[in-house]
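Undergrad: this one's structure only:
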Ligand SMILES: CC(=O)N[C@H]1[C@@H](OP(=O)(O)OP(=O)(O)OC[C@H]2O[C@@H](n3ccc(=O)[nH]c3=O)[C@H](O)[C@@H]2O)O[C@H](CO)[C@@H](O)[C@@H]1O
Ligand SMILES: C=C(OP(=O)(O)O)C(=O)O
């Protein structure tokens with residue numbers, strides 16, 4: 001049961017009834033329960049009648065004695081949003097650090113014998129999931145008082161048998177444990193990887209990329225079973241069959257501690273890979289080719305350094321915030337945008353008629369990533385002549401593509417959006433029709449968006465995919481009237497305090513629970 005807004009009397013009666021039912025379910029008398037609690041039978045009777053004041057401490061003891069979680073303190077069930085749309089946004093909003101670099105760096109910390117402090121880490125569910133897994137195998141992970149810097153210390157021996165399989169199965173990023181683990185254990189098991197519901201995402205490239213390090217992976221029921229056989233090789237070249245981000249990261253993680261030189265060809269040079277390279281360099285790994293598709297890594301069998309690394313700003317968050325401004329026809333400044341990872345996006349937006357200005361560039365706290373403040377002005381948008389499609393960096397970011405569906409709906413004319421990457425992501429964009437957009441799914445990969453849209457409010461259940469979910473929310477900001485977006489918990493997987501931050505710049509969003 002979740003206690004939220006019950007009066008104290010009602011809550012005590014409800015809890016009393018729960019205690020009685022749980023006790024009977026366990027086949028205990030009031031006397032036997034009293035003994036387990038170290039109290040009297042009459043006290044148990046009072047609790048069951050709802051006549052006893054309950055402290056959290058007593059509730060904890062009751063739950064333990066009855067082996068049942070009697071109450072959960074906090075919000076009830078899934079989170080929903082009530083959005084009053086049609087309001088202009090104004091002022092400025094700063095971009096937070098990226099989910100995708102954070103998860104890579106959390107996995108990378110497993111390589112370091114010394115202390116890793118990651119600064120400016122986004123407080124998002126995806127990070128918490130990896131932290132749950134890391135803690136379950138013995139890693140110490142502590143937040144600083146302000147809650148944004150995270151210090152990780154990895155023990156000499158990892159408790160791989162104690163891994164929190166539930167948490168591990170909820171995140172695909174756990175696959176990036178493979179690279180570090182192959183240096184720590186000759187054999188290990190890793191629960192299967194999850195992630196967004198975007199259709200099948202192959203793990204074969206990871207298996208191919210890690211084979212030159214002696215790792216063979218067998219997929220068993222719900223788990224990968226890894227076996228490492230030392231190869232004796234002093235150098236190796238890995239040609240990635242696809243330019244994936246996490247597979248490049250896995251190869252880097254394996255190469256960082258592998259004897260000799262590893263050359264990775266067809267490597268992704270996307271933002272999260274660059275953050276990872278910068279962190280590994282701090283650990284003392286020499287890597288050439290940052291920002292290119294060939295990375296040469298000079299491995300160090302022992303990495304033992306106390307390091308501080310500040311994660312860079314998220315281009316996908318920046319795109320989400322820009323879209324919020326564009327779709328509401330607002331004048332808005334998005335501060336600390338990693339422009340180097342938004343160049344194609346901005347060029348396409350300029351083609352579509354968006355008026356914007358960039359501040360002079362400055363460096364992110366990692367000392368490398370180029371940032372700028374982007375100010376957008378209300379603009380008459382038109383459909384681009386060519387289709388919009390993503391490409392590995394330096395192409396238009398695959399995760400930024402869904403936002404172009406919302407923007408295209410605002411533009412005059414027909415825009416073709418081609419998501420060749422994911423089998424299921426474009427499908428979720430057809431939910432925009434619920435808000436009045438003309439979005440036609442031509443096949444699972446292509447949508448045709450005809451604008452401009454006269455947005456109308458609606459009640460929509462959140463699609464089970466992070467970016468499409470945010471797209472629906474942003475369209476609701478444009479739709480006059482009150483919309484409801486149900487089951488939005490997936491958004492917290494990748495965005496920190498998104499609703500509060502949108503409210504600060506003028507949106508009307510209310511969070512509620514059933
Ligand atoms: C934690 C993290 O960093 N996640 C990102 C990472 O996931 P991740 O690296 O896991 O992406 P995947 O390996 O699943 O690749 C996404 C899809 O693209 C296909 N593919 C990819 C590259 C390529 O050159 N050819 C090709 O066909 C894959 O087969 C797959 O179907 O990269 C994706 C693609 O940028 C992003 O959407 C994810 O946000
Ligand atoms: C697809 C995404 O992430 P993940 O790889 O974590 O599912 C995303 O960030 O849009």
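TA: The structure has been received and is ready for your questions. The structure displayed is predicted, hence computed values, not measured ones. Ligands and ions are numbered 1, 2, ... in the order given.
Undergrad: using the three-state scheme, assign the closest residue to residue 268 other than its chain neighbours.
TA: Distance criterion C-beta to C-beta, 6 or more residues apart in numbering; nearest residue to residue 268, sequence neighbours excluded, is residue 248 at 4.2 Å. Where you see a C-beta, it was placed from the backbone N, CA and C, and this is true even at glycine. Put simply, residue 248 is helix when judged by DSSP: H, G, I helix; E, B strand; the rest coil.
Undergrad: run through the residues that contact residue 248.
TA: 240, 264, 267, 268, 270, 273, 295 (C-beta atoms under 8 Å, 6 or more residues apart in numbering).
Undergrad: low-confidence ranges, this structure, go.
TA: For the chain, the stretches with pLDDT under 70 are 1-10, 69-76, 193-202.
Undergrad: quickly list the domain ranges of it.
TA: According to automatic domain parsing, the chain comprises the domains 2-73, 79-96+313-513, 99-310.
Undergrad: picking up where we left off before, just the contacts of residue 248: which are in helices?
TA: With helices defined by DSSP state H, the entries of the contacts of residue 248 inside them are residue 273.
Undergrad: which residues of this protein lie near ligand 1?
TA: Listed as neighbours of ligand 1 in the chain under the rule C-beta under 6 Å from any ligand atom: 100, 103, 172-173, 201-202, 242-247, 272, 392, 398-399, 421.
Undergrad: of those residues, buried ones?
TA: The neighbour count (16 or more other C-beta atoms under 10 Å) marks 100, 103, 172-173, 201, 243-247, 272, 392, 398-399, 421 as buried among the residues of the chain next to ligand 1.
Undergrad: these also near ligand 2: which ones?
TA: 172, 399.
Undergrad: circling back: restricted to helices, list the residues of the chain next to ligand 1.
TA: 100, 103, 245, 246, 247, 272.
Undergrad: quick one, what contacts the third one?
TA: Put plainly, it is residue 245. Contacts of residue 245 (C-beta under 8 Å, 6+ apart): 100, 268, 270, 272, 273.
Undergrad: which residues sit against stretch 477-484?
TA: Under C-beta under 8 Å, 6+ apart, the answer for stretch 477-484 is 80-87, 89, 324, 327-329, 410, 435-436, 453, 455-460, 476, 502, 507.
Undergrad: list the buried residues in it.
TA: For stretch 477-484, by 16+ other C-beta under 10 Å, it's 477, 478, 479, 482, 483, 484.
Undergrad: let's verify the last one: helix, strand, or coil?
TA: What that stands for is residue 484. Applying three-state DSSP: residue 484 is strand.
Undergrad: okay, and the beta partners of it?
TA: residue 82, residue 459 (DSSP bridges).
Undergrad: pretty sure residue 244 contacts residue 269?
TA: No: the pair residue 244 / residue 269 is not scored as a contact, 12.0 Å apart, by C-beta atoms under 8 Å.
Undergrad: the one residue in the stretch 401-514 of the chain that gets nearest to ligand 1 - nearest residue in space that isn't next to it in sequence?
TA: Taking C-beta to the nearest ligand atom as the measure, the stretch 401-514 of the chain has residue 421 as its residue closest to ligand 1, at 4.2 Å. In space, and not counting its chain neighbours, residue 421 is closest to residue 398: 5.0 Å by C-beta to C-beta, 6+ apart.
Undergrad: hang on, the one you found packs against residue 390?
TA: Yes: between residue 398 and residue 390 there is a contact under C-beta under 8 Å: 4.1 Å.
Undergrad: which neighbours do those two share?
TA: In contact with both residue 398 and residue 390: 419, 421, using C-beta under 8 Å, 6+ apart.
Undergrad: since we're on residue 221, how many residues are nearby?
TA: 5 (other C-beta atoms under 10 Å).
Undergrad: just the closest of the contacts of residue 245 to ligand 2, please.
TA: residue 100 (6.1 Å).
Undergrad: correct me if wrong: that closest one contacts residue 271.
TA: Yes: counting by C-beta under 8 Å, residue 100 touches residue 271, with 7.4 Å between them.
Undergrad: ok, whatever residue of the stretch 201-350 of the chain ends up closest to ligand 2 to residue 390 distance?
TA: Residue nearest to ligand 2 within the stretch 201-350 of the chain (C-beta to the nearest ligand atom): residue 316, separated by 6.2 Å. From residue 316 over to residue 390 the distance is 12 Å, taken as C-beta to C-beta, to the nearest Å.
Undergrad: which of the two has more neighbours?
TA: Shown here are residue 316 and residue 390; by other C-beta under 10 Å, residue 316 has more neighbours (26 against 22).
Undergrad: tell me who's in contact with that one.
TA: So residue 316 contacts 98, 99, 100, 397, 399, 400, 467, 494 (C-beta under 8 Å, 6+ apart).
Undergrad: quick check: closest non-adjacent residue to the third one.
TA: Taking C-beta to C-beta, 6+ apart as the measure, residue 100 lies nearest to residue 272, with 4.1 Å between them; neighbours along the chain are not counted.
Undergrad: let me see the ranges of the strands in the stretch 51-200 of the chain.
TA: 72-73, 79-85, 92-94, 115-119, 140-143, 150-153, 187-191 (DSSP state E, counting those that start in this stretch).
Undergrad: so which bits of the last one are buried?
TA: The one in question is strand 187-191. 188, 189, 190, 191.
Undergrad: same question, the longest one
TA: By neighbour count on 16+ other C-beta under 10 Å, the buried set for strand 79-85 is 79, 80, 81, 83, 84, 85.
Undergrad: let me have those residues in CSV, extended by distance to residue 43.
TA: Output for the buried residues of strand 79-85, formatted as CSV (distance: C-beta to C-beta, whole Å):
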residue, distance to residue 43
79, 37
80, 40
81, 43
83, 48
84, 50
85, 54
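Undergrad: residue of the stretch 251-400 of the chain nearest ligand 2, please.
TA: Closest point on the stretch 251-400 of the chain to ligand 2, by C-beta to the nearest ligand atom, is residue 399, at 4.0 Å.
Undergrad: name the nearest residue to that residue, ignoring sequence neighbours.
TA: Excluding its sequence neighbours, the residue lying closest to residue 399 (C-beta to C-beta, 6+ apart) is residue 316, at 4.6 Å.
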